[in-house]
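Peer 1: predicted model and sequence follow; I will ask about them next.
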Amino acid sequence: MDVNFSKMEGLGNDFIFMDDRTGAIKTHLNYPDIARRLCHRHFGIGADGIILILNSHTEDIRFRIFNADGSEAQMCGNGMRCFAKLLFETGIIDRPEFHVETLAGRVTPKVFFDKENRVSSVRVDMGEPALTPDKIPFTGLLSDAVSCPVTVGDDTVLLTPVSMGNPHAVVFVPDIRAMDVEKTGTPIENHPCFPEKTNVEFIEIVNEHEINMRVWERGAGETLACGTGACAAVVASHLNGKTGPEVLVHLAGGDLSIYWDKKTNHIYKTGPATFVFSGKICL
Ligand SMILES: N[C@H](CCC[C@H](N)C(=O)O)C(=O)O
């Protein structure tokens, strides 16, 4: 079966987009298998995940994401910016702001243009963070604290669990460059107190308006950026009294602007989205 695809990236977090509004791909193929095969950096196209464009009965369009290991995630912040740019520039959506159905609920991207009238950046209303253990889900002792000590091997790690529709464990460290992200992130990703596993963000506070971040992603490993993770990191940093609600997040792939509107409790994420190439692949 020949399938058309578009390869895009948001701060180096890269994805393969396929339009399955007809359902033809789903009818003949298996999304998790496609993700594992196409995301492979040597035997496939290479990406951190695949993203499907689907019809929605409740919103303007529907978004599904599968990580490189084939697991489905509820949401993807960097992927959503690329999704919005692709849909607007291909005419699937004919207005700059629209509503998207995701497993994390309604998400609302708005595209912005450069002088040549091309989409240069995208602001996404990411909805509200969730902090209650049942919503994350997280089974460790939290009580009313925002941070929780978790035993990881011979160590105790203090982490702040946050959901952006998908789970995140935010860990504050003195120097992110000194981190062995794989060695430290893997056992937290798979820790029993995260029954659906978790993404793991390592955060170094620069000042009350800036943080440095590295990320070990559930189902994808260390990536150059994580949009939902950057939102979770700002929520955790603010709740722990380390930053304000408006933060510039420095990631390996570039910067994201995050704003937590405390009146509405919605989080806004603004950053770039880049088209890399399109093609056709026989599956
Ligand atoms: N690995 C994530 C999905 C991708 C999220 C990330 N790439 C982003 O930009 O938000 C998870 O399993 O929840």
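Peer 2: Received it, and whenever you're ready, just let me know what you need. Numbers count the residues shown, from 1 in each chain.

Peer 1: which residues are in contact with residue 138?
Peer 2: By C-beta atoms under 8 Å, 6 or more residues apart in numbering, residue 138 lies in contact with 148, 161, 167, 193-194. Backbone N, C-alpha and C define where each C-beta goes, glycine included.

Peer 1: helix or strand next in line after the worst-scoring helix or strand of the chain on mean pLDDT, which one?
Peer 2: When the helices and strands of the chain are scored by mean pLDDT, DSSP states H and E, strand 148-152 comes last with a mean of 90. Counting by DSSP states H and E, the next helix or strand C-terminal to strand 148-152 is strand 155-163.

Peer 1: give the other helices and strands that that following strand contacts.
Peer 2: If you count contacts as 3 or more C-beta pairs under 8 Å, 6 or more residues apart in numbering; DSSP states H and E, strand 155-163 packs onto strand 148-152, strand 167-172, helix 181-189, helix 227-239.

Peer 1: ok, the first one: who's next to it in the sheet?
Peer 2: Looking back up the chat, that one is strand 148-152. Note on strand 148-152: by DSSP bridges, its sheet partners are strand 155-163 (antiparallel).

Peer 1: just the buried residues of the strand it pairs with, please?
Peer 2: Buried positions in strand 155-163, judged by neighbour count with 16 or more other C-beta atoms under 10 Å: 157, 159-163.

Peer 1: do stretch 139-151 as well
Peer 2: Buried residues in stretch 139-151, counted by 16+ other C-beta under 10 Å: 140, 142, 146-148, 150.

Peer 1: now the end-to-end length of it.
Peer 2: Terminal residues of stretch 139-151 lie 13 Å apart, using C-alpha to C-alpha, to the nearest Å.

Peer 1: what does it contact?
Peer 2: For stretch 139-151, contacts defined as C-beta under 8 Å, 6+ apart pick out 131, 133, 138, 156-161, 169, 188, 191-195, 236, 239-240.

Peer 1: then stretch 177-187?
Peer 2: 152-153, 157, 171, 173, 200, 202, 214-216, 221-222.

Peer 1: got TSV for those, with distance to the ligand too?
Peer 2: Below are these laid out as TSV (distance: C-beta to the nearest ligand atom, whole Å):
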residue	distance to the ligand
152	19
153	23
157	19
171	16
173	20
200	10
202	15
214	13
215	8
216	9
221	9
222	11
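
Peer 1: out of those residues, which are buried?
Peer 2: The neighbour-count criterion (16+ other C-beta under 10 Å) marks 157, 171, 173, 200, 202, 214-216, 221-222 among these as buried.

Peer 1: and which of those residues is nearest to residue 79?
Peer 2: residue 215 (14.0 Å; C-beta to C-beta).

Peer 1: residues in contact with residue 210?
Peer 2: By C-beta under 8 Å, 6+ apart, residue 210 lies in contact with 243, 247-250.

Peer 1: can you report how many residues neighbour residue 177?
Peer 2: The tally of other residues near residue 177 (other C-beta atoms under 10 Å) stands at 8.

Peer 1: so what's residue 17 closest to, chain neighbours aside?
Peer 2: residue 6 (4.5 Å; C-beta to C-beta, 6 or more residues apart in numbering).

Peer 1: would you say the one you found is within a helix?
Peer 2: No. Read with DSSP: H, G, I helix; E, B strand; the rest coil, residue 6 is strand and lies in no helix.

Peer 1: from residue 86, how far off is it?
Peer 2: Per C-beta to C-beta, to the nearest Å, residue 6 is found 6 Å from residue 86.

Peer 1: quickly list what's touching both of the two.
Peer 2: With C-beta under 8 Å, 6+ apart, residue 6 and residue 86 have common neighbours 17, 275.

Peer 1: thinking again about what came up before, specify which member of the contacts of residue 210 is nearest to the ligand.
Peer 2: residue 249 (11.6 Å; C-beta to the nearest ligand atom).

Peer 1: in this structure the closest one contacts residue 255, no?
Peer 2: Yes. Contact criterion C-beta atoms under 8 Å: residue 249 and residue 255 qualify, at 6.6 Å.
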